[in-house]
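Provided below for reference: sequence and predicted model.
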Amino acid sequence: MTEQDVDDVAFLTGTNHRVTAPISHSICQSSPLIHNRDSGGVVGNESNSNQAKKSLYENHGVATCSHNRALCIATIVFAVLFTLAVIIAFTGPQTDCPCAGDLKSNYVDDKANATKVFEPRATNGQIFPWNNVRLPTTLRPHRYNITIHPNLTTLEVRSQVSIEFQAEKETNFIVLHCKNLTILDKIVQDKHGNNLTIIKMLEYLGGEQLYIEIREKFRKRHNYVLRIRYNSRLNTEPEGFYISSYVTKHEEIRYFASTHFKPNLARTAFPCFDEPQFKAKFRLTVFRDRFHISLFNTPVVKTDGLGFYMGTGLLYDEFLETNEISTYLVALVICDFSQRNKQTESGVSVSVYTPEPYLSRAPFTLELSSFFLDYYENFFGLAFPLPKLDIVALPEFQYGAMENWGLITYRETEIFSNVGDNDTFIYAHQWFVTSLAHQLAHQWFGNLVTMKWWNDYWLNECFTKLFEYMGANDYVPNWKMMDQFIIDKTQPALALDALACSHPIAANVTDPSEIDAIFDTISLNKGTAVLNMLANFLQKENLENGLNDYLTTYKYQNTETKDLWNILSKNTNQTLDVKAIMDTWTNQMGFPLVVLKREEHQIVASQKRFLVTVEKGNTTQHTLPLSKYDYKWHIPLSYFTNNDSEVKYVWMNRTDVKFDVGADIKWIKANVNQTGFYRVMYDDDIWQALINVLKTNHKLFTAADRASLIDDAFSLSKAGVLNVSVALELSLYLKNERDYAPWATAIEHLKAWARRLSESLAYKSFLKYMRYLLEPATKYLGWNKKKTHMEKLLRDRVLPAAILCELNETISVAKTHFQNWMVHNKSIDPNLKEIIYSAGIKYGGMNEWQFCWNYYKNATSESEKQILLKALGVASDPWLLQRYLIETLDTNLVKPEDVKLVLEVVAANPEGRLLAWRHLKAYWPTMHSLYGNSTILMGNLISAVTAHLSTPYDFYEVSTYFNGMDVGSASRALEQSLEIIQLNINWVSQNEQEINNWLRKMK
């Protein structure tokens, strides 16, 4: 080890065996000494800005002034200013404007506004030379060499980084990202190791940017290196490079350090070009205690000790250099976890790391990971590009999971489930399977090939959301994941995208912090559904070949959405212009209503934008933003008929079309399995024929097709396009339905109708109709543990709906289970807990509610807590609901991210609807101060509370309260909420009588 190495180790470990450079407490003040590890040289360097700063503190001659003289001068100045002010006030030009006196003192005229240019200021007060959120592209990094020593006791982190980069254009400055780092030394060298003269270094806190200017020029296509030595601290919040802890079974507190850099927090751990497009290779050396291990994106290639001569007792790990990777995917974990390992068929080493008590649950995670790695290698036609994959269960992690390349991190409570065990909570089990499928798909789609900028974040995320269903469907075919897909993704997206205040999938991102607010439910669910439509019309072979071509062409690179569209077009032999098709779906908001009418042996198909409008039948677009596609789409219209079960496609290329089906057909079913992102309106004869088939032989249609007919009928009636009686007639067949997808779809619509009708004369009759439909399904499903996965999912939909509509037999059984649990401590099937808890609370009183509240406070399982939070909100006593809402203000009792869930269930309860709204209104300032940094949470709170309001008074209350209030990025959620309230009001006024008349006939 050279003397220079000793110096570096001394700095990084905090020992005093060698004299190290003095530590500066300002990022802009540099130490005059920096050591060059590679060359062993020492460079003296003090920037002009530092010399200027130094001169401010040097003792120059100082002018003096006596106290009396100073007082005299001040009095004279004040008198002159006062006199001038009086003269101006009385002689200046007057105005007749009655509001002139109302102008605010900080008023700036338009001319001043037009000419004023924002000038970012560095920490030393100088103008920061770079005024852009995005970094310049004049320099491109290609390797980071990072050495880091995090002290998990003091939280101090000592680090150094060398960034090798190439000049794309001639320039004389570097701009990179840096946040909460104290720069001690910096040096810039050319490829020969010659030092370049740094004349200026500035930090801009607002942009989290560092500016370094040199006297010389960076010459085009020449290589350079920037070396920085710096200090930082481990974050105590779970983001960036942070510290956390867990408690062992022996009640010991153990600490670990981990990273979460997505989308733009790598800059908090090391200075870097922190944008996805600046991919580079990474080498890492980590100093750690002997009782810890360290994990990185790649395997350890060397571990050595320092204690024999440095006296530190530390070890250091050197890791294999990564391939080109974006900074947000870099990951590091330092912990004392235990490991289980397995090799895949292709030789990838898969490991699970977790605290010791959970190690026995690791085998399922290993089995599942191996399956999906093999699945994606076959699907994408490319081997997993790394030699290992680690999956780490973190006891404290605010995200469900993160797809870091080769080092996936999970929240510990989310990662473990027991496959094939009837006591497993089905949703937790299914969530983990789909989540792991999602994270592993990212290893190729997002990690191997990455978007250039966050504008295309939706594509990365939506493709992997689609793959999670496709992969899980292959893993467990009897889970019918693609049927679940239309319930989870397609239908919710269609419901929101039908609002006038919707927005396109594609969006312009100026700042990565906006990602969560911009890419909301519409963007991500619709984006995923549209990609599913793409996958279906391309067909499997073309899709697989296209994705293989795309990943092979652009591996280790960055792309834009158009690059994928172009390659997919090539793989259809240019028979489809995928970009032209997809642009109509991603670059304009909304989706089409396809209207089908029969004319002899032909079907006439026309298209127009589908809107759930506030006025019945109003589909005009004069208030909509202009679209260069004129709200027309390239529609892959799929269909089959009673005479021909083969699925056929007709392309509606932003036009209406006619196609032959034969003169003797009775019906046509379009949008097969609801794989298309559009709705279908049939003529009256076809509707009636489809309803007849459902009544006589509903299994002639797949479960997904039955679900799509229900979804279209109820949604079209909501928009005033189809009479509500048609939707009700169609729903009659449900008494014979036993599949998940149709019931899940129907229950969502039936519950929504019940909520809207809750203050109308038709309410009790409608509940009676729901009981008529649901009772056969409740008897079929029963309460037995031994049900299939899909039957458990179905029961979880049907039994709560039966309790909602007051089906006595279901309520009685549920109450008995509840009393046995509460009084006799009898266990409850995890998959029946929510139903039983809800029934016990809804039809119980104070004792039942208090018992569950105490149980919640003592529960350690997150899934158990979630179930209890939902159940506590269905109480029938308004006083209990009010108390519950007040309890949510205590963040020690209810986590901030769970407040939305509480408000949602209370607002859905007819007894709590107005209580939830009044609570939000009364405590909005409190909630804003607690959660204001989370624009998603604030928007979710508004949506949750207002979703079920349906009277003119409700609309007045909400619109008046928020009028003129700055709600930030929650404004989109507020706009949606106001539109939904108005839609609810109009729907009730227009349909209440028709529904009442139909229900009377049913008697």
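Now that the structure is in, tell me what you want to look at.

SS state for residue 681?
Here residue 681 is strand, with the state taken from DSSP: H, G, I helix; E, B strand; the rest coil.

show me where the stretch 801-950 of the chain has helices.
For the stretch 801-950 of the chain, the helices defined by DSSP state H, counting those that start in this stretch cover 808-824, 833-842, 846-858, 862-872, 878-887, 896-908, 913-922, 924-931, 935-946.

same check on the stretch 51-200 of the chain?
According to DSSP H, counting those that start in this stretch, the helices that the stretch 51-200 of the chain contains are 67-91, 110-115.

worst mean pLDDT among those helices?
Of all these, mean pLDDT reaches its minimum on helix 110-115 (a mean of 38).

residue contacts, residue 561?
456, 459, 506, 586 (Cβ atoms under 8 Å, 6 or more residues apart in numbering). Every residue, glycine included, has its C-beta placed from N, CA and C.

still on that earlier bit, dump the helices of the stretch 801-950 of the chain into a markdown table; add mean pLDDT as well.
Converted to a markdown table, the helices of the stretch 801-950 of the chain look like this (pLDDT from 0 to 100):
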| stretch | mean pLDDT |
| --- | --- |
| helix 808-824 | 97 |
| helix 833-842 | 96 |
| helix 846-858 | 97 |
| helix 862-872 | 91 |
| helix 878-887 | 96 |
| helix 896-908 | 90 |
| helix 913-922 | 94 |
| helix 924-931 | 80 |
| helix 935-946 | 82 |
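
any chance of these in TSV, plus distance to residue 297?
Below are those laid out as TSV (distance: least, Cβ to Cβ, whole Å):
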stretch	distance to residue 297
helix 808-824	47
helix 833-842	39
helix 846-858	39
helix 862-872	28
helix 878-887	43
helix 896-908	28
helix 913-922	43
helix 924-931	33
helix 935-946	28
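
quick one: which of those is nearest residue 356?
helix 862-872 (20.0 Å; Cβ to Cβ).

can you check which of the helices of the stretch 801-950 of the chain gets nearest to residue 724?
So among these, helix 896-908 is nearest, using Cβ to Cβ, at 21.7 Å.

in the closest one, which residues are buried?
For helix 896-908, a neighbour-count test (16 or more other Cβ atoms under 10 Å) marks 898, 899, 900, 901, 902, 903, 904, 905, 906, 907, 908 as buried.

any idea how this protein splits into domains?
339-424, 448-586, 591-697, 877-1003 (automatic domain parsing).

any idea how far apart the tips of the third one sit?
Between the opening and closing residues of domain 591-697 there is a gap of 31 Å (Cα to Cα, to the nearest Å).

now do that domain, average pLDDT.
Rounded mean pLDDT across domain 591-697 is 91.

quick one: it to chain centroid distance?
33 Å (Cα atoms, centre = their mean, to the nearest Å).

the first one too?
Centroid displacement of domain 339-424 relative to its chain, using Cα atoms, centre = their mean, is 21 Å.

and for stretch 504-520?
11 Å.

hmm, back to that, and the contacts of residue 561, which is closest to residue 542?
For the contacts of residue 561, the nearest to residue 542 is residue 459 (18.0 Å; Cβ to Cβ).

and the next element down the chain from the helix or strand harbouring the closest one?
If you go by DSSP states H and E, residue 459 is part of helix 457-475. Going down the chain from helix 457-475, the next helix or strand is helix 481-485, by DSSP H and E.

ok, and the closest non-adjacent residue to residue 387?
residue 299 (6.0 Å; Cβ to Cβ, 6 or more residues apart in numbering).

was I right to think that neighbour contacts residue 388?
Yes: counting by Cβ atoms under 8 Å, residue 299 does reach residue 388; the two are 5.2 Å apart.

who's more crowded, these two?
Ranked by neighbour count (other Cβ atoms under 10 Å), residue 299 and residue 388 place residue 388 first, with 19 against 16.

appreciated, that's everything.
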